[in-house]
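In: Pasted the sequence and its predicted model underneath.
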Amino acid sequence: MEIAAHVRMPRNEAEAVAMQVELAGCVVAADDDRPVDTVAGLDIAYDKDSDTAVATAVVLRRSDLAVLDEAVVHGTSDFPYVPGLLAFRELPLLLKAIEALTVEPDLYLCDGYGLTHPRRFGLACHLGVVLDAPAIGVAKNPPHLPVAGPGPARGDWSPITAGEETVGCALRTRDGVKPVYVSVGHRRTLASARELVLELAPRYRLPEPIRAADQLGRKRLAETR
DNA sequence: GCGACAG
DNA sequence: ATCTTGTCGC
């Protein structure tokens, strides 16, 4: 409770970068023993012409993708969008939405990068480390890094590399459809992250938890204005 | 060398 | 992120 209120926020970009470098050392890219039975999808929708933002968290049961819980929080982001610093813009509101949940999920799916990040500390890593919970980053756009196009079939994937290290992968979740970009957030290996995302996206390009959060946010934003 | 990078 | 509905196709 009150996690959002305890998150350290930088006063400027330089501080933000320093925080990322420092916290990046906390990321654990290994699977823990705990079973993943419930997964939360997170997202934020922004109003076209106001500073209103709506953060949503939707918890789905892994076995049948049934919705178990939803949370919606309205607010404002004071931190601007800066490539590489997305977490500072979205984390506060996302944490509030998570606090509003009554079901604590076993895994968090974030919109954006995890280790696929200039300092290996994207939104999914930040959220995972702050909550000390398993987290995976799922981005809709590729990073500016070498990425071979994965095969054309669902399940095909290819690594995203930064020098010698593999920082994520492009994963085809639907035949012939643009891939999504998966990376480790926290407490998960890239292999299991990739398998989970594929499993959670049986029908559409994006995994169901994220789609659910996406739709809920858009809907509530439309109703609110 | 510089710039570019999720939402 | 956001501007944007229906429509063509598998």
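Out: Nice, thanks for sending it over.
In: outside of stretch A:11-19, which residues touch it?
Out: With contact meaning C-beta atoms under 8 Å, 6 or more residues apart in numbering, stretch A:11-19 is reached by A:8, A:10, A:82, A:84-85, A:88, A:119. Heads up, the C-betas are built off the backbone N, CA and C, glycines and all.
In: What of stretch A:114-128?
Out: Counting by C-beta under 8 Å, 6+ apart, A:17, A:20-21, A:23-24, A:27, A:29, A:42, A:84, A:86-87, A:90-91, A:94-95, A:108, A:110-113, A:134-137, A:139, A:143, A:145, A:160, A:167-168, A:181, A:183-187, A:190, A:193 sit against stretch A:114-128.
In: Ranking by neighbours, what's the top pick from the contacts of stretch A:11-19?
Out: A:Phe88 (24 neighbours; other C-beta atoms under 10 Å).
In: Name the single longest helix found in chain A.
Out: Looking across chain A with DSSP state H, the single longest helix is helix A:208-224.
In: what residues does chain A put near DNA strand C?
Out: A:44-46, A:48, A:111, A:140, A:217-218, A:221 (C-beta under 7 Å from any atom of the strand).
In: Show me which of the residues you listed are buried.
Out: Among the residues of chain A next to DNA strand C, those classed as buried by 16 or more other C-beta atoms under 10 Å are A:44-46, A:111, A:217, A:221.
In: tally of neighbours for A:Asn12?
Out: Using other C-beta under 10 Å: A:Asn12 sits among 8 other residues.
In: hmm, back to that, between the buried ones among the residues of chain A next to DNA strand C, which is nearest A:Pro35?
Out: Among these, A:Asp111 lies closest to A:Pro35 (C-beta to C-beta), at 24.4 Å.
In: Which other helices and strands does the helix or strand where A:Ile160 lies contact?
Out: Applying DSSP states H and E as the criterion places A:Ile160 in strand A:157-162. Here strand A:157-162 touches strand A:165-171, strand A:180-186, going by 3 or more C-beta pairs under 8 Å, 6 or more residues apart in numbering; DSSP states H and E.
In: one more time with 6 Å
Out: strand A:165-171 (3 or more C-beta pairs under 6 Å, 6 or more residues apart in numbering; DSSP states H and E).
In: quick one: is the strand it packs on near DNA strand B?
Out: No: contact of strand A:165-171 with DNA strand B (C-beta under 7 Å from any atom of the strand) is absent, the minimum separation being 9.6 Å.
In: mean confidence for that strand?
Out: For strand A:165-171, mean pLDDT is 95.
In: strand partners of that strand, parallel vs antiparallel please.
Out: Applying DSSP bridges, strand A:165-171 is found paired with strand A:157-162 (antiparallel), strand A:180-186 (antiparallel).
In: The residue nearest the centre of chain A and A:Asp32, how far apart?
Out: Centroid check for chain A by C-alpha atoms, centre = their mean gives A:Cys110 as the closest residue, at 1.2 Å. Going from A:Cys110 to A:Asp32 by C-beta to C-beta, to the nearest Å gives 18 Å.
In: try A:Arg154
Out: From A:Arg154 across to A:Asp32, the span is 28 Å (C-beta to C-beta).
In: In terms of packing, which of these two has more residues around it?
Out: A:Arg154 (17 against 13).
In: isn't there a helix covering that one?
Out: No: A:Arg154: not assigned to a helix; according to DSSP: H, G, I helix; E, B strand; the rest coil it is coil.
In: List the contacts of it.
Out: A:172, A:174-175 (C-beta atoms under 6 Å, 6 or more residues apart in numbering).
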